[in-house]
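**Student:** predicted model and sequence follow; I will ask about them next.
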Amino acid sequence: MSLRTWRRPARNDLSAIIGMQTPGAGLLATGLWVAYVLLGLTGGGITSPALYVSAMVLLCVAGALVLLAPGDRMDWRATAVAAVLPAVALLIGSTGTGERPGVADATLTGGVVTVLAFLLLRGRLASAWAGFLLSVVVTVLAAQIGGPDPAMVAAVMPNTAVLLLATFFEVMVRPRAEQIHALRRRTEVQAVAQAAAQGAMEVRERQLAYLDERARPLLEQIAAGDELAPRTLTECGLVEAALRDRIRAPGLEPLDLGADVWAARARGARVVLLDDRRSPDDDVTELLRPLQAAAVTALGRAGVGTAVTVRLLPPGRPLLATLSVVGDNSQSRQDFGLDGAARTEADRAADRDRVGRPEA
């Protein structure tokens, strides 16, 4: 089981309803374990503190497994370990206590039933009861082999009531928890669908408003059948190019380059806007501010014979965007890293050296 397996998103099960996946649950479990250890060590009657602490450490490991193990119903490998460790802890702990151990038996058996009860709430009812029965058998056998220890046996048996209550809670609440999570998922899906529909409607309204402002007057002139002046024909080309930009490069629209692009094209420059990123969930608008400033400068200088290309690169590339300017006798390109900053020639040289350097 790889470490990455333990870093999955939140589980949608009963443990989420009762708060077992929150940091508070870990703090509570840690505090309870420390209280058990201190009470046991200070309660008297422990013949071997090392054995008692070792038993409590095993219970701590089992509790951590119950809290952190993946799976809607707890992973079976972690379940097997968490179900057996309490019995092993009881076996070790019972050899480190005397015939009259004070509260040591109560803390040890209390830790055992706590782990098994929460194992039950992780959807492993049969495994929890099997672990409890194994703990009882181990305690009885240890008392028979190592000598009479009625205090330990008497401390184990009342924990049956705790597991019965946990069983009742599991059987009654788990179906309700599944219904709650199903309703949450349905609500999330509906919210996402509504947001997507609202976003599409807003985009549609903006496009219609732009068409009404820019294209309608030209379409009315064309429909009238009058001869179009050269200036009107030029404006038709500019409008067509602007509409193409809005379809081909939606990711550049928040940068408000429209007026600068329009002016550059009106002076005879060739301007191409490309959005190959197409990642609506990745908001990179703020990272594109350096690109915006550089593009405005380049567009302001562009004229006849100049080609300006502004491109957002696909995800997975080492760069976020590029800006290239090609003139009659010159050619330049600016690269912008994933942090949005413009890459210098020194940065590009370092990249080339890193690529060309053989691996050790």
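**Tutor:** Structure received. Computed from a predicted structure; not experimentally measured. Numbers count the residues shown, from 1 in each chain.
**Student:** tell me the spacing between Ala223 and Arg216.
**Tutor:** Distance, Ala223 to Arg216, by C-beta to C-beta, to the nearest Å: 10 Å. All C-beta atoms are positioned from the backbone trio N, CA, C, and that covers glycine.
**Student:** what does Leu338 give?
**Tutor:** 41 Å.
**Student:** which one's more surrounded, those two?
**Tutor:** Between Leu338 and Arg216, Leu338 has the larger neighbour count (other C-beta atoms under 10 Å), namely 14 against 10.
**Student:** what does that one show for phi and psi?
**Tutor:** phi -60, psi -20 (degrees, to the nearest 10).
**Student:** so Leu274 belongs to a strand, correct?
**Tutor:** Yes: under DSSP: H, G, I helix; E, B strand; the rest coil, Leu274 sits within a strand.
**Student:** who does it bridge with?
**Tutor:** Arg311 (DSSP bridges).
**Student:** can you pull the buried residues of the helix or strand hosting Ala263?
**Tutor:** Ala263 belongs to helix 258-266 when assigned by DSSP states H and E. Neighbour-count burial for helix 258-266, counted by 16 or more other C-beta atoms under 10 Å, picks out Asp260, Val261, Trp262, Ala264, Arg265.
**Student:** lowest average confidence, helix or strand, in the chain?
**Tutor:** In the chain, no helix or strand scores lower on mean pLDDT, DSSP states H and E than helix 345-356, which sits at a mean of 61.
**Student:** would you mind giving the buried residues of helix 258-266 as CSV with distance to Ser135 added?
**Tutor:** Converted to CSV, those look like this (distance: C-beta to C-beta, whole Å):
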residue, distance to Ser135
Asp260, 76
Val261, 75
Trp262, 79
Ala264, 80
Arg265, 81
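**Student:** out of those, who's nearest Gly251?
**Tutor:** The closest of these to Gly251 turns out to be Val261 (C-beta to C-beta; 14.5 Å).
**Student:** excluding chain neighbours, what is closest to the closest one?
**Tutor:** Closest residue to Val261 apart from its sequence neighbours, by C-beta to C-beta, 6 or more residues apart in numbering: Val271 at 5.0 Å.
**Student:** cool, and Leu255?
**Tutor:** Distances taken as C-beta to C-beta, 6+ apart put Gln292 closest to Leu255, at 4.4 Å, once the chain neighbours are dropped.
**Student:** need the three-state assignment for that neighbour.
**Tutor:** Classification of Gln292 by three-state DSSP places it in helix.
**Student:** tell me, how many residues neighbour it?
**Tutor:** Using other C-beta under 10 Å, Gln292 is surrounded by 19 other residues.
**Student:** distance of it from Arg244?
**Tutor:** Going from Gln292 to Arg244 by C-beta to C-beta gives 20 Å.
**Student:** also Arg185?
**Tutor:** For Arg185 relative to Arg244 (C-beta to C-beta), the value is 40 Å.
**Student:** any stretches of the stretch 1-150 of the chain with poor pLDDT?
**Tutor:** Along the stretch 1-150 of the chain, the model assigns pLDDT under 70 to residues 1-19, 45, 98-102, 145-150.
**Student:** now with 80, please.
**Tutor:** Along the stretch 1-150 of the chain, the model assigns pLDDT under 80 to residues 1-26, 43-47, 71-72, 96-103, 142-150.
**Student:** all strands in it, in order from the N-terminus.
**Tutor:** Counting by DSSP state E, counting those that start in this stretch, the stretch 1-150 of the chain has no strands to list.
**Student:** Gly26 and Leu67 touch, don't they?
**Tutor:** Yes: between Gly26 and Leu67 a contact is recorded at 6.3 Å, counting by C-beta atoms under 8 Å.
**Student:** now the helix holding Ala263, how far from the centre of its chain.
**Tutor:** Counting by C-alpha atoms, centre = their mean, to the nearest Å, helix 258-266 is centred 41 Å from the centre of its parent chain.
**Student:** one more: stretch 258-277?
**Tutor:** 38 Å.
**Student:** cool, stretch 35-45 as well?
**Tutor:** Using C-alpha atoms, centre = their mean, the offset of stretch 35-45 from its chain centre is 41 Å.
**Student:** contacts for the helix holding Ala263, please.
**Tutor:** Residues outside helix 258-266 that contact it (C-beta atoms under 8 Å, 6 or more residues apart in numbering) are 234, 237-238, 241-242, 245, 271, 273, 295-296, 299-300, 302-303, 306, 308.
**Student:** that concludes my questions; thank you for your assistance.
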